[in-house]
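A.B. asks: Let's see this in three dimensions:
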Amino acid sequence: MKYEISGNDIILYEDDLALDDVLDTGQAFRWDRIGENAYFGYSLDCPLEISGSDGKFVLKNTDEEVFLKVWAPYFDLETDYSALRKIYSKDAALSAACEFSRGIRLLRQDSWEALVCFIFSSNNNITRIKGIVARLAEHYGKFPSPEQLAAETEESLGFLRSGFRAKYVLDAAKKVASGETDLKKIAEMPYESAKAELMKIKGVGPKVADCVLLSGMYKTEAFPLDVWMKRVMEEYYKDGLPEEFYGTRGIAQLYLFNYIRKRPKQ
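C.D. replies: Predicted coordinates:
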């Protein structure tokens, strides 16, 4: 990780990062494109404006302490994605996907924020999810705590226009606020046990659980399967993803997901 301080900004040098591939592909729902290769968004209550391409990025109005504490982990800057792509290059489909989206990285989000956002993502599209999450944060003036949400009702959350998902978010909030669901303990569990615990929350099925485990708890063996990834498996991996990729198959999924959605029509 190479960076320098420039006034009130951080200049980041990172060849394995493309903002459109990372911030506008359904990994996180609190980012808005504000210009070419430029985004504004949040991790919980920490705002960031970031812009740049071709290996050089500007994180505006960000001091070194916040960069190292929040944004370096968030963008997974300690992980060598070039090394991962070399491993993936052994597989034809993954090699093509990596070449297509060289700048993909896993966004390491707060587990509570990820849980709420991915519950809202159930049977939904990116534009609608972003709208729901934006209304939620605007209503509270920040991303609400489990305790704040637990005090709500389906009726009081009507302003979100989130449909059936409101009752699932409320169940998650009540379980987390009461300690019945301990996200820190779940993050420390083995993958299968952690997934089973998350699925005790109403509305959290295998796909949502895997999204939370991958993005909110950095369990890179989690492998979310939505309609796009089911197409990937049917087209390229009828016998399953090669076992050698299992430990980081969640990161491999990010490349494959973007590739199957955006590749040129054959």
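
A.B. asks: which SS class is Gly41?
C.D. replies: Secondary structure for Gly41, judged by DSSP: H, G, I helix; E, B strand; the rest coil, is strand.

A.B. asks: In contact with the nearest residue to it once chain neighbours are set aside, which residues?
C.D. replies: Nearest in space to Gly41, with sequence neighbours left out and distances taken as Cβ to Cβ, 6 or more residues apart in numbering, is Trp31 at 3.4 Å. C-betas here are computed from N, CA, C, even on glycine. Each residue near Trp31 by Cβ atoms under 8 Å, 6 or more residues apart in numbering is listed here: 23-24, 39-41.

A.B. asks: repeat that for 10 Å
C.D. replies: Applying Cβ atoms under 10 Å, 6 or more residues apart in numbering, we find Trp31 in contact with 19, 22-24, 39-43, 48, 50, 107, 130.

A.B. asks: just the buried members of these?
C.D. replies: 19, 22-23, 39-43, 48, 50, 107, 130 (16 or more other Cβ atoms under 10 Å).

A.B. asks: right, and out of those, which lies closest to Asp182?
C.D. replies: Nearest to Asp182 among those: Ser43, at 21.2 Å, using Cβ to Cβ.

A.B. asks: Can you read off the pLDDT for the closest residue to the closest one other than its chain neighbours?
C.D. replies: Among residues not flanking Ser43 along the chain, Tyr74 sits closest, at 5.3 Å (Cβ to Cβ, 6+ apart). pLDDT for Tyr74: 98.

A.B. asks: my guess is Tyr74 contacts Leu12, does it?
C.D. replies: No. In this structure Tyr74 lies outside contact range of Leu12 using Cβ atoms under 10 Å: 11.9 Å.

A.B. asks: Looking at these two, which is more packed in?
C.D. replies: The residue with more neighbours, out of Tyr74 and Leu12, is Leu12; 23 against 19, by other Cβ atoms under 10 Å.

A.B. asks: Provide the secondary structure category for the more buried one.
C.D. replies: strand.

A.B. asks: Return the residues in contact with it.
C.D. replies: If you count contacts by Cβ under 10 Å, 6+ apart, then Leu12 has 1-4, 50, 52, 55-59, 62, 67, 71-72, 75, 77 around it.

A.B. asks: let's see it at 6 Å
C.D. replies: Neighbour list for Leu12: 3, 57 [criterion: Cβ atoms under 6 Å, 6 or more residues apart in numbering].

A.B. asks: what's the closest non-adjacent residue to Cys149?
C.D. replies: Heads up, residue 149 is Leu, not Cys. In space, Leu149 is closest to Ala173, 3.6 Å off (Cβ to Cβ, 6+ apart).

A.B. asks: ah, wrong one, I meant Leu94
C.D. replies: Take Leu94 and drop its neighbours on the chain: the residue closest to it by Cβ to Cβ, 6+ apart is Tyr88, 4.0 Å away.

A.B. asks: surely that neighbour meets Ala96?
C.D. replies: No. With contacts counted by Cβ atoms under 6 Å, Tyr88 stays clear of Ala96, the gap being 10.0 Å.

A.B. asks: Tell me which helix or strand the residue nearest to Leu149 sits in.
C.D. replies: In the assignment (DSSP states H and E), Ala173 maps to helix 165-178.

A.B. asks: helices or strands next to that helix in the packing?
C.D. replies: Helices and strands touching helix 165-178, as assessed by 3 or more Cβ pairs under 6 Å, 6 or more residues apart in numbering; DSSP states H and E, comprise helix 111-120, helix 146-150.

A.B. asks: For the ones you listed, give me CSV that also has mean pLDDT and distance to Gly158.
C.D. replies: Listed next are those as CSV, based on pLDDT from 0 to 100; distance: least, Cβ to Cβ, whole Å:
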stretch, mean pLDDT, distance to Gly158
helix 111-120, 98, 14
helix 146-150, 98, 14
